[in-house]
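Q: have a look at this prediction, sequence included:
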Amino acid sequence: MEGELRRAAFGDLLAPPAVLLAAPDSARSRLLAAIVSGAQGRYAAAATWLGELGRGADPVLAALALTTLASHRRQLGGHAAALRLDARALRLASGAGGGEDPDGLDGRGAFVDALLGLAADNLGTGRLSAARRLLAAAAPLASGWRARVRTGWVTAEIELASGRPEAAGAPAEAALELATAASACRHVIKSQLVLAAALIAAGAPARAEELVSAALAEAEKFELRSLAWPGALLAGQLWPSASRYRFRVDAVLHAVLLRSDAEGRILARESAWVPV
């Protein structure tokens, strides 16, 4: 079970059988199932597993669960709520040992995840200087493919928020290359969207159109709702006369909120980032 869930979370199995997510049989499998469920916008199911794991005795799994839950809160616009979770994860992961994991589900990976999460949290709450400091602390430690991809995303997002789209392209491009080399389909889609946003901001819409079209098609095909609505938002920027993208954002977010826990729904409705 864990191998298939790992493929769904970090590899090429974008449409895992529902039975695979129904009853994960170990703590690590529950973490992987929560990651996959979050990608599908099934935040309530994910929060149940992650809350339990975040209170567990294993500091590495607890930290990974907290950073995963934080990422789901950020996806719903709850950057301040995510910051508290990432801060707890950083404390747990500090000094954590254990072996190495190919996808970063280890002590070092949890520590880097928390630093990058805190950088994204600070970015979302307007603290650009703090975001840059946290990114600078994380980047030298990001040795695995997943950490390096996420470093590229956060770097590009910080540059975009700083009004430097020309500096956002290279890290976004590197993230896409790394995700593609790792055959990490979900990370490829997110990387395509981050790079497309950089290209749009830099005034280069032609390639952005190709990237958004490809990413949105995959996200829709495999019901990756956490990526489908940001993809539709970008499509609405590229093709503003196509009202179907605005309707699609509304429809996907409606489906996401129906599958969210109460805190997630509140965060989305109060957020300036989520067009609810």
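A: Alright, I've got the coordinates.
Q: CA atoms for contacts and neighbours, from now on please.
A: OK.
Q: touching stretch 121-136 from outside, list them.
A: With contact meaning C-alpha atoms under 8 Å, 6 or more residues apart in numbering, stretch 121-136 is reached by 74, 79-80, 82-83, 115-116, 118-120, 151, 154-155, 158, 161-162.
Q: what sits up against stretch 166-182?
A: 11, 145-146, 148-153, 155-160, 185, 187-188, 191-192, 194-195, 198-199, 202.
Q: let me see the mean pLDDT of that stretch.
A: The predicted model gives stretch 166-182 an average pLDDT of 98.
Q: about what we covered before: now the two most distant members of the contacts of stretch 121-136.
A: Ala82 and Ser162 (21.3 Å; C-alpha to C-alpha).
Q: so between those two, which is more surrounded?
A: The neighbour count for Ala82 versus Ser162, taken as other C-alpha atoms under 10 Å, is higher for Ala82 (26 against 14).
Q: roughly how far does the more buried one sit from Leu64?
A: 13 Å (C-alpha to C-alpha, to the nearest Å).
Q: Gly203 now?
A: 37 Å.
Q: list the contacts for Ala228?
A: Leu216, Ala219, Glu220, Val249, Val252 are the contacts of Ala228 under C-alpha under 8 Å, 6+ apart.
Q: which element is it on?
A: helix 225-238 (DSSP states H and E).
Q: what residue is smack in the middle of the chain?
A: Nearest to the centroid of the C-alpha atoms of the chain, with distances taken as C-alpha atoms, centre = their mean, sits Ser71, at 5.7 Å.
Q: surely that residue touches Ala82?
A: Yes - if you go by C-alpha atoms under 8 Å, Ser71 and Ala82 touch, sitting 6.8 Å apart.
Q: any shared contact partners between these two?
A: Gly117.
Q: ok so, going back, return the list of helices and strands in contact with the host helix or strand of the residue nearest to the centre of the chain.
A: Assigned by DSSP H and E, Ser71 belongs to helix 59-75. Contact here means 3 or more C-alpha pairs under 8 Å, 6 or more residues apart in numbering; DSSP states H and E; on that basis helix 59-75 packs against helix 27-39, helix 43-54, helix 79-93, helix 107-124.
Q: dump these into TSV; add distance to Leu5 and mean pLDDT as well.
A: Output for the helices and strands packed on helix 59-75, formatted as TSV (distance: least, C-alpha to C-alpha, whole Å; pLDDT from 0 to 100):
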stretch	distance to Leu5	mean pLDDT
helix 27-39	6	96
helix 43-54	14	97
helix 79-93	23	98
helix 107-124	18	98
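Q: quick check, distance from stretch 197-204 to the centre of its chain.
A: 21 Å (C-alpha atoms, centre = their mean, to the nearest Å).
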